[in-house]
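J.: the sequence isn't on hand, but the structure is:
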């Protein structure tokens, strides 16, 4: 059962009972084509195999096997039932096209629950992305899947990437065009945007998740610099200089266990109007999660309730309510249980 979708990554329940015997012959077959419908001839497809029924981490595993398409784009893979099982549980399989230099790729995630699995066609999607500078940011437009892949109620994720593996920004459940603010882009150089989407297809009693990633598009460089750039920070295990304010927007800091507060001393006192948090992840649940400001480090006032609205998100652009100058800010979490804490953060940026 699929439980969560995040940026094109599908997470499945990890304990689905297998319906095939260990000595059973298994045939997986399908076809891969480009966006126009032409076959991906003699193309090497990567196969990832999960440890169990969960697909959430299988895509990050090393390639288990590969299979080459024929000249007409079709492919077949012969397995034994034992290859598809982990004990009594069905393993998740992911078959993925090679990532193109332009960025596009398509994959299918599925469980093997019958002797023959005929996958839906793997069709690439370019998206034809464009990026246009606007007064307060960049507008990214793209061609939806329905233009080339047929009708569907599609929702898209738009991710912005720099040189690091982690995105510096992501907007979820969007439709084109998508506006990226100068607060989200700051003054970072060499940024690219990529769109992704998912569709489900039924193969017998099994649901196959098709994940699409578009070609990338270069973004015009913006010039907004946060007033928090270069601020010092304090938390258990903090490094010097502070990695959370250094402008490296995609370099994620993973906190030690038990961290529930991160504080920052600003280069100068300001009245902050906007905060941006990147790759901000919690472990467990919180009864309180706030951004606070202080002029002296002793008296603190709330600047934003980070649980308001849709709650804490990995990427947040938050309006702040403070009216007086502050020289220090902090993220403070009150957990619901002893094991909950702050897991990671790439950057906290404050703007006047």
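T.: Everything's here; your move. Please read all numbers here as calculations on a predicted model, not as lab measurements.
J.: SS state for the residue lying closest to residue 122 once chain neighbours are set aside?
T.: If the residues on either side of it in the chain are set aside, residue 122 comes closest to residue 32, at 4.4 Å by CB to CB, 6 or more residues apart in numbering. The C-beta positions use only the backbone N, C-alpha and C, and glycine is treated the same way. Going by DSSP: H, G, I helix; E, B strand; the rest coil, the secondary structure assigned to residue 32 is strand.
J.: who's in contact with residue 32?
T.: Contact partners of residue 32, counting by CB atoms under 8 Å, 6 or more residues apart in numbering, are 39, 40, 43, 45, 69, 73, 75, 97, 106, 121, 122, 123.
J.: report pLDDT for the first one.
T.: In this model, residue 39 is scored at 98, pLDDT.
J.: what helices or strands is the top strand by length along the chain leaning on?
T.: The single longest strand within the chain, with elements called by DSSP state E, is strand 192-203. When contacts are defined as 3 or more CB pairs under 8 Å, 6 or more residues apart in numbering; DSSP states H and E, strand 192-203 packs onto strand 156-161, strand 206-213, strand 217-218.
J.: make JSON lines from the ones you listed and add mean neighbour count and distance to residue 137 to it.
T.: JSON lines is the format used below for the helices and strands packed on strand 192-203 (neighbours: other CB atoms under 10 Å; distance: least, CB to CB, whole Å):
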{"stretch": "strand 156-161", "mean neighbour count": "23", "distance to residue 137": "11"}
{"stretch": "strand 206-213", "mean neighbour count": "21", "distance to residue 137": "23"}
{"stretch": "strand 217-218", "mean neighbour count": "16", "distance to residue 137": "15"}
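J.: wait, which of the ones you listed is closest to residue 26?
T.: Comparing those against residue 26 with CB to CB, the closest turns out to be strand 206-213 (12.8 Å).
J.: okay, and for this protein, where does confidence drop off?
T.: 1-14, 57, 59-60 (pLDDT under 70).
J.: quick one: the helices in it?
T.: 146-149, 182-185 (DSSP state H).
J.: which stretch among the ones you listed comes nearest residue 167?
T.: helix 182-185 (10.8 Å).
J.: now that closest one: how far from the chain's centre is it?
T.: Taking CA atoms, centre = their mean, to the nearest Å, the mean C-alpha location of helix 182-185 is offset from the chain mean by 18 Å.
J.: equivalent analysis for stretch 83-92, please.
T.: 26 Å.
J.: can you tell me which residues contact residue 170?
T.: 7, 157, 158, 159, 160, 314, 315.
J.: now for those residues: which two are most distant?
T.: 158 and 314 (13.5 Å).
J.: so what's residue 196 bridging to?
T.: residue 157, residue 213 (DSSP bridges).
J.: so it sits against residue 157, correct?
T.: Yes. Look at residue 196 against residue 157 with CB atoms under 8 Å: they come within range, at 4.9 Å.
J.: and the residue nearest to residue 111 when sequence neighbours are not counted, how many residues sit next to it?
T.: In space, and not counting its chain neighbours, residue 111 is closest to residue 90: 4.4 Å by CB to CB, 6+ apart. Neighbours of residue 90 under the rule other CB atoms under 10 Å: 24.
J.: wait, what's in contact with residue 90?
T.: Contacts of residue 90 (CB under 8 Å, 6+ apart): 16, 17, 18, 19, 20, 53, 84, 111, 112, 113.
J.: again, 7 Å this time
T.: Counting by CB atoms under 7 Å, 6 or more residues apart in numbering, residue 90 makes contact with 16, 17, 18, 53, 84, 111, 112, 113.
J.: again with residue 280
T.: Applying CB under 7 Å, 6+ apart, the residues near residue 280 are 312, 314, 316, 345.
J.: what does the longest strand of the chain contact?
T.: 5, 7-8, 10, 103, 110, 117-120, 127, 129, 131, 140, 142, 145, 152, 154-161, 207-214, 216-219.
J.: distance-wise, check the closest residue to residue 301 other than its chain neighbours relative to residue 265.
T.: Residue nearest to residue 301 in three dimensions, not counting chain neighbours: residue 293, with 5.9 Å by CB to CB, 6+ apart. Distance check for residue 293 against residue 265: by CB to CB, to the nearest Å, it reads 12 Å.
J.: and if you look at residue 210?
T.: Counting by CB to CB, the gap from residue 210 to residue 265 is 48 Å.
J.: and for residue 290?
T.: For residue 290, the distance to residue 265 - CB to CB - is 18 Å.
J.: do residue 230 as well
T.: 10 Å.
J.: which one of these two has more residues nearby?
T.: Neighbour count, other CB under 10 Å: between residue 230 and residue 265, residue 265 has more, with 17 against 14.
J.: OK, contacts around the more buried one?
T.: 231, 232, 327, 328.
J.: got the contact list for the closest residue to the last one other than its chain neighbours?
T.: Closest residue in space to residue 328, ignoring its immediate chain neighbours: residue 294 at 4.7 Å, by CB to CB, 6+ apart. The contact partners of residue 294, by CB under 7 Å, 6+ apart, come to 300, 326, 328.
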